[in-house]
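Trainee: Generate coordinates for the sequence data below:
(chains A and B)
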Amino acid sequence: MATIEISCVEVWREISDYVDADISAELRLRMEAHFKVCAHCSAVLDGMRNVVGLIADGRLFQMPEGFNKRLYSKINPSE
Amino acid sequence: MRLMSNPLSQLDSIEADLISRVCHGEHKAFEELVRPYERLVYVTAISVLRNSADAEEVAQEAVLKAFSKLSSFRAECKFSTWLVQITYNEARMKLRKDRRHLYESVDDPQQGKEGDYWPKDFADWRLIPSELLENDQVRKALQNAINSLDDMYREVVNLRDIQSLSIKETATILGIPETSVKTRLRRARLLLRDALAPGMDGLWHTGHPYQKVRPW
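Mentor: Just a heads-up that it's a prediction; the model follows:
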């Protein structure tokens, strides 16, 4: 069965939900077909996945040393 | 790894027990209750305040407030969601008291904030190994890119992509519809991608309105 084509603008509008796997199976197929033939949209997809992967990494924001101990200091000022 | 969207009943039950113990005077149980969310509290605070010292101060205030209001927690949402809401409110209050405009926005003033944002950079971005995060310069570049986003986008990125909360939890905490979370997330991710992607000028430079922050 032929896949209905989708434009770059439509792809960009849905690309964040695509990365989150939060789109219908039908739309996913149309986008996948588009990524195969559109280098621009593939580049946007790869870049967005890189961004999402890197910023989800726990090393990005590290808590200051001793933060955990000081966090409760206002509740237990004697400690 | 994304946290599960559905509340874990076993976790809820353990937390309910800890909450009950705290409310009956066993104050030490409060630390046990909050410990898994210490990082969540810190990153939430720093995502609003963009400053480690302020974030720590607000985190302490938020934890104190959660402790003093714990008996009013009604389990209509997860304890973590409630704790993050308190932290957000404290951080926003601090920001209002002490508003600074030290950061240039990576957002493009030419484009409406509520309208669509389209990518500007179509260069291939080869996969970046996560080991790069061991590099201070790379970490700083990512932090700068996030800090440069407008508040409304940074909040969504923090909850959804840094803290891995669900769209629903993010919407609850921010008090906005889920559709707005998705729209803001899409724009934020495209902005971050454009700021960090290796194309356009081939150099790492800063400029307005388009600001590159990558070190690679």
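Trainee: The helix or strand of chain B with the lowest mean pLDDT: what's the following helix or strand?
Mentor: In chain B, the helix or strand scored least confidently by mean pLDDT, DSSP states H and E is helix B:136-147, which has a mean of 85. Going down the chain from helix B:136-147, the next helix or strand is helix B:151-156, by DSSP states H and E.
Trainee: mind listing what's buried in that next one?
Mentor: For helix B:151-156, burial by neighbour count (16 or more other CB atoms under 10 Å in any protein chain shown) applies to B:152-156. Quick note: C-beta positions are derived from backbone N, CA and C, even for glycine.
Trainee: Average pLDDT for that helix, rounded please.
Mentor: Across helix B:151-156, pLDDT averages out at 92.
Trainee: helices or strands next to that helix in the packing?
Mentor: If you count contacts as 3 or more CB pairs under 8 Å, 6 or more residues apart in numbering or on different chains; DSSP states H and E, helix B:151-156 packs onto helix B:38-49, helix B:167-174, helix B:178-196.
Trainee: any idea how far the shortest one is from the chain center?
Mentor: Centre-to-centre, helix B:167-174 and its host chain are 12 Å apart (CA atoms, centre = their mean, to the nearest Å).
Trainee: got the angle between that helix and helix B:178-196?
Mentor: Interaxial angle, helix B:167-174 versus helix B:178-196 (axes from the mean of the first three to the mean of the last three CA atoms, to 10 degrees): 100 degrees.
Trainee: Give the burial count for residue 38, as a bare number.
Mentor: All of this refers to chain A. By the criterion of other CB atoms under 10 Å in any protein chain shown, residue A:38 has 18 neighbours.
Trainee: switch to chain B, that's the one I care about
Mentor: 17.
Trainee: unless I'm mixing things up, it is touching residue A:71, no?
Mentor: Yes - with contacts counted by CB atoms under 8 Å, residue B:38 reaches residue A:71, the gap being 6.1 Å.
Trainee: on that earlier part again, output the least confident helix or strand of chain B as PDB - backbone C-alpha positions only.
Mentor: The C-alpha coordinates for helix B:136-147 follow below in PDB (Å, rounded to 0.1, in the frame of the first residue of the first chain):
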ATOM      1  CA  ASP B 136      33.600  20.300  31.400                       C
ATOM      2  CA  GLN B 137      33.500  22.500  28.300                       C
ATOM      3  CA  VAL B 138      30.800  20.300  26.700                       C
ATOM      4  CA  ARG B 139      28.800  20.200  29.900                       C
ATOM      5  CA  LYS B 140      29.000  23.900  30.100                       C
ATOM      6  CA  ALA B 141      27.900  24.400  26.500                       C
ATOM      7  CA  LEU B 142      24.800  22.200  27.100                       C
ATOM      8  CA  GLN B 143      24.000  24.100  30.300                       C
ATOM      9  CA  ASN B 144      24.400  27.400  28.600                       C
ATOM     10  CA  ALA B 145      22.100  26.300  25.800                       C
ATOM     11  CA  ILE B 146      19.500  25.300  28.300                       C
ATOM     12  CA  ASN B 147      20.000  28.400  30.400                       C
END
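Trainee: anything in it near chain A?
Mentor: Yes - on the criterion CB under 8 Å from any CB of the partner chain, helix B:136-147 is in touch with chain A at B:139, B:142-143, B:146.
Trainee: Compare these and tell me which is most surrounded.
Mentor: If you count neighbours using other CB under 10 Å, the busiest of the residues of helix B:136-147 next to chain A is residue B:146, which has 27 neighbours.
Trainee: Please verify my assumption that that one contacts residue B:155.
Mentor: No - assessed by CB under 8 Å, residue B:146 is found out of contact with residue B:155, at 10.7 Å.
Trainee: can you list residues touching both of the two?
Mentor: Listed as contacting both residue B:146 and residue B:155 by CB atoms under 8 Å, 6 or more residues apart in numbering or on different chains are residue B:47.
Trainee: got any residues that touch both of residue B:38 and residue A:71?
Mentor: With CB under 8 Å, 6+ apart, residue B:38 and residue A:71 have no common neighbours.
Trainee: who in chain A is up against chain B?
Mentor: Checking chain A against chain B by CB under 8 Å from any CB, the hits are A:9, A:12-13, A:15-17, A:19-20, A:22, A:39-40, A:43-44, A:46-48, A:50-61, A:63-64, A:67-68, A:70-76.
Trainee: Would you mind writing the PyMOL command to select the buried ones in those residues?
Mentor: Only the buried members of these enter the following PyMOL selection, criterion being 16+ other CB under 10 Å:
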select buried, chain A and resi 12+15+16+17+19+20+40+43+44+46+47+48+50+51+52+54+55+56+60+61+63+67+71+72+74+75
